[in-house]
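Asker: Show me the folded form of this:
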Amino acid sequence: MEFIRRLLGLCRTPLPENPECWTFANGVLEVNLERAPELRNPGGALRLEGKALPQRVLVVRDEDGGYIAFRNACSHAGRRLDPLSNGRVRCCSVGKSTFERDGHRISGSAKKDITVYPVERQDDRLRIPLN
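Answerer: Residues are numbered from 1 along each chain as shown. Model (predicted):
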């Protein structure tokens, strides 16, 4: 089953339980943490796409309680990413390209690093500039 998921490029990270947990305006993605239960615990992740968002974004809560935002596209074939431990992410394709929390490629088919966006926390909100 896992091989079929990877062959089809199906990621494990679901869309948000509450689609109203995020907004995008003026180049800034904003996530309301009170409405995003997926990010309450370390290792949690939120897959954001649609709503005029210029690219898919994966937000991950790391083991230290911080947040990391990745452009949710592998540099090899553009497939979505899923979180691993220690803030690392892996492409959901058969090639299993894996990247560090800073976007640096560790292994797999990808030859380039991926984009990591700065995350600023303000009380119960995350602000992520995408430009």
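
Asker: Contacts only, for residue 42.
Answerer: Taking C-beta atoms under 8 Å, 6 or more residues apart in numbering, we find residue 42 in contact with 61, 62, 63, 64, 65. C-beta: built from backbone N, CA, C; applies to glycine.

Asker: ok, and it, which helix or strand is that part of?
Answerer: Per DSSP states H and E: residue 42 is located in neither a helix nor a strand.

Asker: Assign a three-state SS to the most centrally placed residue in the chain, would you?
Answerer: For the chain, the residue nearest the mean C-alpha position is residue 58 (1.5 Å; C-alpha atoms, centre = their mean). Look at residue 58: counting by DSSP: H, G, I helix; E, B strand; the rest coil, its state is strand.

Asker: Just give me the closest of the contacts of residue 42 to residue 106.
Answerer: Of all the contacts of residue 42, residue 106 sits closest to residue 62, with 16.1 Å by C-beta to C-beta.

Asker: tell me which residues in stretch 10-28 are buried?
Answerer: Judged by neighbour count (16 or more other C-beta atoms under 10 Å), stretch 10-28 contains these buried residues: 11, 13, 16, 21, 22, 24.

Asker: Sort out which of the contacts of residue 42 are in helices and list them.
Answerer: Using DSSP state H, the subset of those located in helices is empty.

Asker: and those residues, which are buried?
Answerer: For these, buried by 16+ other C-beta under 10 Å: 61, 62.

Asker: Quickly name whichever of the contacts of residue 42 is closest to residue 125.
Answerer: residue 61 (14.2 Å).

Asker: residue contacts, that closest one?
Answerer: Here residue 61 is in contact with 39, 40, 41, 42, 43, 44, 45, 67 (C-beta under 8 Å, 6+ apart).

Asker: which stretches of the protein form helices?
Answerer: Using DSSP H, helices in the chain cover 2-8.

Asker: Okay, residue 75 and residue 60: tell me how far apart.
Answerer: 17 Å (C-beta to C-beta, to the nearest Å).

Asker: try residue 9
Answerer: 19 Å.

Asker: the more surrounded of the two?
Answerer: Ranked by neighbour count (other C-beta atoms under 10 Å), residue 9 and residue 60 place residue 60 first, with 26 against 15.
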